[in-house]
Structures are given as structure tokens and as C-alpha cells.
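Engineer: 3D, please:
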Amino acid sequence: MGAITESLGLGRDYMSSRMSENGMQVMAVNCYPPCPDPKTALGLPPHSDYSCITILLQNLTGLEIFDLTAHGGSGRWVHVPEVKGVLKVHIGDHVEVLSNGLYKSVIHKVTLNEEKTRISLASLHSLGMDDKMSVPCQLVNDENPVRYRESSFNDFLGFLVKNDISQG
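Structural biologist: Here you go, the predicted structure:
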């Protein structure tokens, strides 16, 4: 996070106290069994992570990210190659808010394997449940107005309960 906040001109320690004192880590272990016809099913539908960063380790390929800039801005899905033992780091929704949209949250999905079980370990790092992420005043001016509302992880969970996100 220090490198991200420093690149935004906020200083390396901008988020340090919030992340170390009240921050949280959520671990997700996902198991995707073999699928005889992987083109007809998804392991995990398209989404972004409601966190600051996500660190991912997986045993097989299957991760795809959405490249918003491809095809004249209409985007396309890009397969992320597997490199054994390498951790992948995704920027989450909270960094998109923190940067006022300069950094974009990674939209990704998981595809299935016809022959092998895919296992992934995801470590999501975020602010505390009720801590609000907002756009810092240093990143706001007449040319760059605030583009995001402040919100917390609890706000996000409340949104999920009240809305059918399977409809997009």
C-alpha cells in the first residue's frame, strides 16, 4: 500500500496506521473440481474485490482479467498465465476509491479445468469493517472532482444483502 499511496503523492505512510491498527485480512480458500465441459460453467463469475489489495496463489491456470482498454474500449477477457509459486496481486475497489479512479479495481473471473481440480488461496487486505474509504482532499480539484462515495466493508455487505448482484 505504501508504494500505491506514494505514487498518488500522499506519502508512503498515508494508510499505514489505518491498515495496521484496524485493518483486516480475509482468507478465502477456493476449490474448483474438474468440469467435463468447462465452457458451459464458471468457477466464479466476473467481479472485483472489495478490498485494498488481494494476494492470490493458485495451483492451476483459470484466472482471467478484463482488459478495459482492448477492442477500442469495449474490453476483452485475458487469460492470466500460470507461473508456479508466483503470487498475483490485484488492486481492489478501495484503492480505486482512494485514487479517485486513477487506479482501477481488477475485474476478474475464474474458469474451470476439464481434468484437474483448481485450488486458490486469496488473501484480501482491507480497512476495518466500519472504517470508511474516501477520496483524499489532496486528489480533488476543479479538474478532478470526487468520483466516489465513501464506504466501508459493512456498507458493502449491506448492499449485497439488499441487491441481487447476479443480475449485474
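Engineer: In this structure Y50 contacts N154, no?
Structural biologist: No. Using Cβ atoms under 8 Å, Y50 is not in contact with N154; the gap is 10.7 Å. Placement of C-beta: from N, CA and C, glycine included.
Engineer: where do the strands sit along this protein?
Structural biologist: With DSSP state E as the criterion, the chain has strands at 24-32, 44-47, 53-58, 63-67, 76-79, 88-91, 108-110, 118-126.
Engineer: relative orientation of the last one and strand 53-58 in degrees?
Structural biologist: Relative orientation of strand 118-126 with respect to strand 53-58: 170 degrees, computed using axes from the mean of the first three to the mean of the last three Cα atoms, to 10 degrees.
Engineer: Of Y50 and N154, which one has the most company?
Structural biologist: Y50 (22 against 13; other Cβ atoms under 10 Å).
Engineer: Identify the residues contacting the more buried one.
Structural biologist: Neighbouring residues of Y50 by Cβ atoms under 8 Å, 6 or more residues apart in numbering: 92-94, 126, 153, 156.
Engineer: where does the chain have low pLDDT?
Structural biologist: Applying pLDDT under 70 to the chain flags residues 165-168.
Engineer: mind redoing it with 90?
Structural biologist: Low-confidence segments of the chain, defined by pLDDT under 90, span residues 16-22, 39-45, 68-74, 82, 84-85, 156-168.
Engineer: how about the helices in it?
Structural biologist: For the chain, helices defined by DSSP state H occupy the ranges 2-7, 16-21, 93-98, 153-162.
Engineer: looking just at contacts, which helices and strands does the third one meet?
Structural biologist: Meaning helix 93-98. helix 2-7 (3 or more Cβ pairs under 8 Å, 6 or more residues apart in numbering; DSSP states H and E).
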